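Asker: Structure for the following, please:
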Amino acid sequence: MTLTLAAAPPEHVDVLIIGAGISGIGAAYYLQREHPSKSYAILEARGATGGTWDLFRYPGIRSDSDLHTFGYAFKPWTSDKAIAGADAILAYLRETAAENGIDPKIRLHHKVHGAAWSSADARWVVDVERTDTGERTKLSCRWIFCASGYYRYDQGFTPRFEGTERFQGRIIHPQHWPEELDYAGKRVVVIGSGATAVTLVPSMAEAAAHVTMLQRTPTYILPIPSEDAIAKLLRKLLPANWAHALTRLKNIAKQRLVWSFCQRYPRAARRFIRYVTAKQLPKGYPVDEHFNPPYNPWDQRLCAVPDADLFKAISSGRASMVTDHIETFTERGLQLKSGRELEADIIITATGLNLLALGGIALTVDGVPVHLPDKVVFRGMMLNDVPNFAVAIGYTNASWTLKIGLLCEHFCRLLAHMDAHGHTICSPVQNDPAMPTRPLLDFGAGYVQRAVNALPRQGNRAPWLMSMDYFSDTRLLKEDSVEDLNLRFSSHVRPANAPTTDLAVAGGADSSSCVPSRP
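Answerer: The predicted model follows:
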């Protein structure tokens, strides 16, 4: 007689947070503050915390949002530099995790490949790979909070260029910056016009022989002070928490004002940005050739340059701008379509990033694969017909973390509501198949357009619309009821002696009771 031993059940936690970057650490803080009795773990595929701010190592990397809004509401930013470098941001994130006891909950080298939802058990079973050993394990949880962002961390985007094999110098993508690179006294060409390029150029120009920024299309670029004089004054007069809160509110209002002005008065905004740009550059500089985009301000994200460092590098002659198209790489550099040749020792392809929805995790619900392009986002944080799954998506027109903080607080309120009413399952239901939808990230940046067909979508009205207004989101996510006609709550456990009703069947074949959020 052969005895068969049952496999041990997987380790279980109440909430599984995926990603130990700024969103994941924030989610952990709010969860343990509001629900100290709930168990949780944070899985991080890489070998260090910090997400973007640990991954990217190129010269000058910094935030293009002020840290009073990009940082957490609960932890004051006390540095004089409001626009901060990656090292300072990383130290801030890791200090937050350490001082709040979050570090022991983080499991590095844990990559999530898939997650399978069972309505009968009201839980996810998650397939995890130990990237340091190759071992595969499983975890189960009631909720998943996906805080992986939407960038692909293992691979940046580089378009195909003719003749790259002929170039005798080095070609480098900023996402894979070599630690040993010595560019002192070298001729450098940076291909690109986005935030990475405008960061690299002035930073490298300090040591390189010359740095050329080569762009196909100009970008709106605005100089901003790296230090916030009002924040510094408030810190002298008020306790740190008060000073941080007031500075944060001031900067939120300023961000909203700039975005609204650009949306409502695009021609006036264009003229203003051109005026500011021209003032930063030498007299007679061809501003319209290099700094006059064909689109309106905030159709794509504005690039901020602290203390006008890019313009100073150009004005000093240490850097230059070229607006042209690449014909081919040559042995010595780049041949442009205009006929001009740019000689270079090093070429940096700051050509953008790739997006990867949910970190590439494959989801199934009761055995049926989830096809993300068929899903619509509910309140900016859940997917229709995907139970007990939250995703953190920040603002594209303001500091990312402003939205993440609101979503985390709403998530905690949602858990409290479920506990209070005995619910174990929560799922948005989109009952109008005729509702028009549009891309989730509705702006024209190239990295968005390349991936738009692989992402979930948004609707044309609340709660399926991706709001980009912090003040309206504050009312919705912090103050309004978590209940909604489009949100279905249910329980997989039937109370003793509970009668079978049509209402119970409404939760689906695997659900033993279903309580509509509103009559």
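
Asker: any idea of the mean pLDDT for stretch 292-306?
Answerer: For stretch 292-306, the mean per-residue pLDDT is 88.

Asker: Distance from the chain centre to it, please.
Answerer: Relative to the centre of its chain, stretch 292-306 is centred 19 Å away, using Cα atoms, centre = their mean, to the nearest Å.

Asker: what sits up against that stretch?
Answerer: Contacts to stretch 292-306, defined as Cβ atoms under 8 Å, 6 or more residues apart in numbering, come from residues 62, 64-65, 83, 194-195, 198, 202, 217-226, 259, 262-263, 266, 269-270, 273-274, 311, 396-397, 443-445. Bear in mind the C-beta positions are built from the backbone N, C-alpha and C, glycine included.

Asker: give the contact list for R379.
Answerer: Shown in contact with R379 (Cβ under 8 Å, 6+ apart): 410, 428, 463, 476-477, 484.

Asker: So which of those are in strands?
Answerer: Secondary structure of those is defined by DSSP state E; positions in strands are P428.

Asker: At which residues are the strands of the stretch 201-350 of the chain located?
Answerer: 210-215, 221-224, 303-306, 319-323, 326-329, 333-336, 341-343, 346-349 (DSSP state E, counting those that start in this stretch).

Asker: strand partners of the longest one, parallel vs antiparallel please.
Answerer: The sheet places strand 210-215 alongside strand 187-191 (parallel), strand 319-323 (parallel), with pairing taken from DSSP bridges.

Asker: Tell me which residues are up against the last one.
Answerer: Same thing as strand 319-323. With Cβ under 8 Å, 6+ apart as the test, strand 319-323 has contacts from 201-202, 205, 210-218, 289-291, 310, 313-314, 336, 340, 342.

Asker: Just the buried residues of the longest helix along the chain, please?
Answerer: As assigned by DSSP state H, the longest helix anywhere in the chain is helix 240-264. Within helix 240-264, the residues that qualify as buried are 243-248, 250-252, 255-256, 258-259, 262, counting by 16 or more other Cβ atoms under 10 Å.

Asker: distance between that helix and the chain's centre?
Answerer: Taking the mean of its C-alpha atoms, helix 240-264 sits 20 Å from the chain's own mean (Cα atoms, centre = their mean).

Asker: Could you tell me which of the contacts of strand 319-323 count as buried?
Answerer: The neighbour count (16+ other Cβ under 10 Å) marks 201-202, 205, 210-215, 218, 290-291, 310, 313-314, 336, 342 as buried among the contacts of strand 319-323.

Asker: Burial check on the residue lying closest to R332 once chain neighbours are set aside, number of neighbours?
Answerer: Closest residue in space to R332, ignoring its immediate chain neighbours: E343 at 5.0 Å, by Cβ to Cβ, 6 or more residues apart in numbering. For E343, the count of nearby residues is 14 (other Cβ atoms under 10 Å).

Asker: close enough to count as contact, E343 and F329?
Answerer: No. Contact criterion Cβ atoms under 8 Å: E343 and F329 do not qualify, at 11.7 Å.

Asker: Could you measure from F157 over to Q300?
Answerer: Separation of F157 from Q300 (Cβ to Cβ, to the nearest Å): 15 Å.

Asker: domains for the chain, by residue range?
Answerer: Listed by automatic domain parsing, the domain ranges of the chain are 11-153+355-482, 158-351.

Asker: want to try CSV for those, with distance to S490 as columns?
Answerer: Output for the domains of the chain, formatted as CSV (distance: least, Cβ to Cβ, whole Å):
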stretch, distance to S490
domain 11-153+355-482, 5
domain 158-351, 37
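
Asker: Next, give phi and psi for the closest residue to P174 other than its chain neighbours.
Answerer: The shortest distance from P174 to any non-neighbouring residue, by Cβ to Cβ, 6+ apart, is to Y58 (4.2 Å). Here is the backbone geometry of Y58 (degrees, to the nearest 10): phi -70, psi 160.

Asker: which parts of the top strand by length along the chain are buried?
Answerer: Looking across the chain with DSSP E, the single longest strand is strand 136-146. In terms of neighbour count (16+ other Cβ under 10 Å), strand 136-146 has its buried residues at 139-146.

Asker: on that earlier part again, mind checking which of the domains of the chain is nearest V493?
Answerer: domain 11-153+355-482 (6.7 Å; Cβ to Cβ).

Asker: What's the separation between I230 and K250?
Answerer: Noted for I230: a distance of 7 Å to K250, by Cβ to Cβ.

Asker: my bad, E180
Answerer: Counting by Cβ to Cβ, the gap from E180 to K250 is 43 Å.

Asker: same thing with D484?
Answerer: Distance of D484 to K250, given as Cβ to Cβ: 32 Å.

Asker: Quick check, E409 in contact with E479.
Answerer: No. In terms of Cβ under 8 Å, E409 does not count as a neighbour of E479; the distance is 10.2 Å.

Asker: and the two? which has more neighbours close in?
Answerer: A side-by-side neighbour count of E409 and E479, using other Cβ under 10 Å, places E409 first with 18 against 8.

Asker: residues contacting that one?
Answerer: E409 is in contact with 30, 34, 477-478, counting by Cβ under 8 Å, 6+ apart.

Asker: hmm, 10 Å instead?
Answerer: Contacts of E409 were listed using Cβ atoms under 10 Å, 6 or more residues apart in numbering, and they are 26, 30, 33-34, 73, 474, 477-478.

Asker: So which residues of the stretch 151-300 of the chain form helices?
Answerer: For the stretch 151-300 of the chain, helices defined by DSSP state H, counting those that start in this stretch occupy the ranges 195-205, 229-237, 240-264, 266-280, 287-290.

Asker: Only the buried members of the contacts of stretch 292-306: can you turn that into a ChimeraX selection?
Answerer: Provided next is the ChimeraX selection string for whichever of those are buried by 16+ other Cβ under 10 Å:
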select :62,64,65,83,194,195,198,202,218,219,220,221,222,223,226,259,262,269,270,273,311,396,397,445
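
Asker: so what strands line up beside the longest strand of the chain?
Answerer: Strand pairing for strand 136-146, using DSSP bridges, gives strand 11-18 (parallel), strand 123-130 (antiparallel), strand 389-391 (parallel).

Asker: Highest mean neighbour count out of those?
Answerer: Highest mean neighbour count among the strands paired with strand 136-146 (mean count of other Cβ atoms under 10 Å): strand 389-391, with a mean of 24.

Asker: Give me the residues contacting it.
Answerer: Contacts of strand 389-391 (Cβ under 10 Å, 6+ apart): 15, 17-18, 23, 27, 115, 117, 124, 143-150, 357-358, 361, 363, 365, 370, 377-383, 407-408, 410-411, 414-415, 426-428, 456.

Asker: Helices - which of the residues you listed land there?
Answerer: 23, 27, 407-408, 410-411, 414-415.

Asker: the inter-axis angle of the host helix or strand of I42 versus strand 136-146?
Answerer: Here I42, judged by DSSP states H and E, is contained in strand 40-44. Counting by axes from the mean of the first three to the mean of the last three Cα atoms, to 10 degrees, strand 40-44 lies at 100 degrees to strand 136-146.
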